[in-house]
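> Sequence first, predicted coordinates after that:
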Amino acid sequence: MNDLHSILFAYRSDANLGELTRPRNTCSLPFGGRYRLIDFMLSNCVNAGITDVGVVVHQSYQSLLDHLGSGKDWDLSRKHGGLRILPPFSYTEQGQGEYRGSMEALAGVADYLEDIRQDYVLLAWGDIAINLPVNEVFEQHKNSGADITIVCTPTLKGAPQFSEYVEVSEEGRITDLSVHPTSADKALESLEIYILSKRLLMDMVDYCAAHDVTNFSRGVLQPRMKSLKMMPYIHKGYVGRFQSVSDYFQRSQDLLVPAVRADLFNPARPIRTKDQSNPSTYYGPESKSVCSLVADGCQIEGEVENSILARGVVVEKGAKVSNSVLMQGTVVKAGASLSYVIADKDVKVNEGRMLMGHFTYPLAIAKGSVV
C-alpha cells in the first residue's frame, strides 16, 4: 500500500496509570508479556503495507526509543522513509508539559507533514491494543468517497471518561460527534483513528495553527460535520484502552481468554515486537503453571496461576503468583505470595513477603522496587 502514510501519536503519558507511566509514556507500556502498546498500531500499519510511519513524541520517550530502535524488527529500517521519531524540536508553546492536543502536535511537526510522499494519511494513537485490518479501512475510505473515515467500535473495553461517540444516519454517514457525553446508548465509540487526504490534513493544520485550535475532535470535526463527508468504519474485533491501573490489569487478564488472544494475535496479521532472542523458559520439577501466559527466558520453580509473566521473570521454589502481571526481570523469592499485583520491570519481592490487591484495585509496584 504505497499511497498511505501513518502518523502515530505517542506523546501521551496518562497520570491515571500511576506508577506504570512514571518512567515511560503510555505507548511504551509493556503488555502481554512480550509487547509494548505501540507494537499493535505499528504492526497494523506494517501488515497493511505502509512503509512510512512517523511517531510523534514529546516527553518521557527514552523507553520508546530503546524499544523501537531503527524500526528493523517491523521492517521499517529504510534509506528512504521507514520509521521516523518526531520529537518537538519546533514546538514553541510557552510553558512545559505535553501537547495540548493532537492538532498542536501536528503543527509541531508541520515540516515533516509537508514532505509526506503519499496522498493519504492515517492518524492514530499508539496506546490501544487492537488488530485492525488497515487495508480494509483504506479501501472503504476510497470506495465511499469520504473526506474522513473514523474507525469506531461497539465493544470498547476501557474507561469511558475520555470517550468520543459518533451517531450514524440510515445512509451510513456520521451526523454527530460528542465528547464526554452523559449518555451514548445508541452511538458508536470512536477509536480516534482517522484516514484522510494529505491535502485536507495540511489545510486543517494550517487553519488550527492560525486560530490556536488544539483539539482534533472539538476544533476540527465538530465544526465541519456538515461540510465534510465523514463515514464510520465499524471494527467488531477486540479493542483495549488503558486509562487507569485497573484498566491495565483487566485488559491484561483479558488475554487469558482464548477468543481474545485469537482475535488480537491473528496469525494472518501478526503483531511484531522487538526481538530479544531469549532462551526457552525453564520449569522446575515441582513447578506449577495454570492458565497463564509465560514469555521466554523465565525461570519457574514455584506456582503460577492466572498470571502474565514477561521475559526474564524468576519465581523461586515455594513462591506463589496468582492473578498478577509481572514485567521483565521481576524476581519473586522463595516463600513469597502475590495476588492481584502488577510488578513493573526489575522488581524484587523478598522471601516470605505477601502482597495482595483486588481485581478492581490491583496493587502496582514501581519499576526497580525492592519489597
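Nice, thanks for sending it over. Residues are numbered from 1 along each chain as shown.
> for the protein, what spans make up the helices?
38-47, 62-68, 102-108, 110-114, 134-144, 198-211, 216, 245-254, 258-264 (DSSP state H).
> quick one: which of these is nearest R173?
Shortest distance between R173 and the helices of the chain, using CB to CB, is found for helix 134-144: 9.1 Å. Any C-beta I mention is one placed from the backbone N, CA and C, and that applies to glycine too.
> Give the burial count for L122, as a bare number.
Neighbour count for L122, taken as other CB atoms under 10 Å: 28.
> residue contacts, it?
L4, H5, S6, I7, C45, I50, V134, F138, I193, Y194, I195 (CB atoms under 8 Å, 6 or more residues apart in numbering).
> ok, now how distant is the fourth one from G126?
From I7 across to G126, the span is 10 Å (CB to CB, to the nearest Å).
> Low-confidence regions, the stretch 51-200 of the chain specifically.
Scanning the stretch 51-200 of the chain for pLDDT under 70 picks out the ranges 89-98, 156-162, 182-186.
> ranges for the strands of it?
52-56, 82-86, 120-125, 129-130, 148-153, 164-168, 174-179, 188-197 (DSSP state E, counting those that start in this stretch).
> Can you list the buried residues in the first one?
Looking back up the chat, that one is strand 52-56. For strand 52-56, burial by neighbour count (16 or more other CB atoms under 10 Å) applies to D52, V53, G54, V55, V56.
> How about residues contacting stretch 285-298?
Contacts for stretch 285-298 (CB under 8 Å, 6+ apart): 32-34, 255-256, 276, 278-283, 300-315, 317.
> re earlier: which stretch among the helices of the chain comes nearest I234?
The nearest among the helices of the chain, by CB to CB, is helix 134-144 at 9.9 Å.
> Can you name every helix or strand that the closest one contacts?
helix 38-47, strand 120-125, strand 148-153, strand 188-197, strand 230-234 (3 or more CB pairs under 8 Å, 6 or more residues apart in numbering; DSSP states H and E).
> what pairs with the second one, and is each one parallel or antiparallel?
Strand 120-125 has these partner strands in its sheet, going by DSSP bridges: strand 4-9 (parallel), strand 188-197 (antiparallel).
> deepest of these, which one?
strand 4-9 (a mean of 24; mean count of other CB atoms under 10 Å).
> Show me the contact partners of that one.
Contacts for strand 4-9 (CB under 8 Å, 6+ apart): 27, 38, 41-42, 45, 48-50, 52-56, 102, 105-106, 113, 116-118, 120-126, 134, 138, 195, 198.
> Restricting to C-alpha, output that strand in PDB.
Backbone C-alpha positions of strand 4-9 (Å, rounded to 0.1, in the frame of the first residue of the first chain) are rendered in PDB as follows:
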ATOM      1  CA  LEU A   4      -1.000   5.700   2.700                       C
ATOM      2  CA  HIS A   5       1.300   7.300   5.300                       C
ATOM      3  CA  SER A   6       0.900   6.800   9.000                       C
ATOM      4  CA  ILE A   7       1.200   9.200  11.900                       C
ATOM      5  CA  LEU A   8       1.100   7.700  15.400                       C
ATOM      6  CA  PHE A   9       0.700   9.900  18.400                       C
END
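> what is the orientation angle of it with helix 38-47?
Angle, strand 4-9 to helix 38-47, by axes from the mean of the first three to the mean of the last three CA atoms, to 10 degrees: 170 degrees.
> Now find how far off-centre strand 4-9 is within its chain.
14 Å (CA atoms, centre = their mean, to the nearest Å).
> same thing with stretch 255-270?
16 Å.
> Straight-line length of it, end to end?
16 Å (CA to CA, to the nearest Å).
> Find the nearest non-adjacent residue to the most centrally placed residue in the chain, please.
A centroid search over the chain (CA atoms, centre = their mean) returns D127, at 2.1 Å, as the residue closest to the centre. Using CB to CB, 6 or more residues apart in numbering and skipping the chain neighbours, the partner closest in space to D127 is T26 (4.2 Å).
> separation between that neighbour and E351?
Taken as CB to CB, the span from T26 to E351 is 34 Å.
> More neighbours: those two, which one.
Neighbour tally, T26 and E351, criterion other CB under 10 Å: the higher count belongs to T26, 27 against 12.
> dump the residue contacts of that one.
R12, S13, D14, L17, L37, D127, F242.
> Likewise for G312?
By CB under 8 Å, 6+ apart, the neighbours of G312 are N278, G297, C298, Q328, G329.
> if you skip the residues just before and after it, what's nearest to the third one?
The reference is to C298. T281 (4.2 Å).
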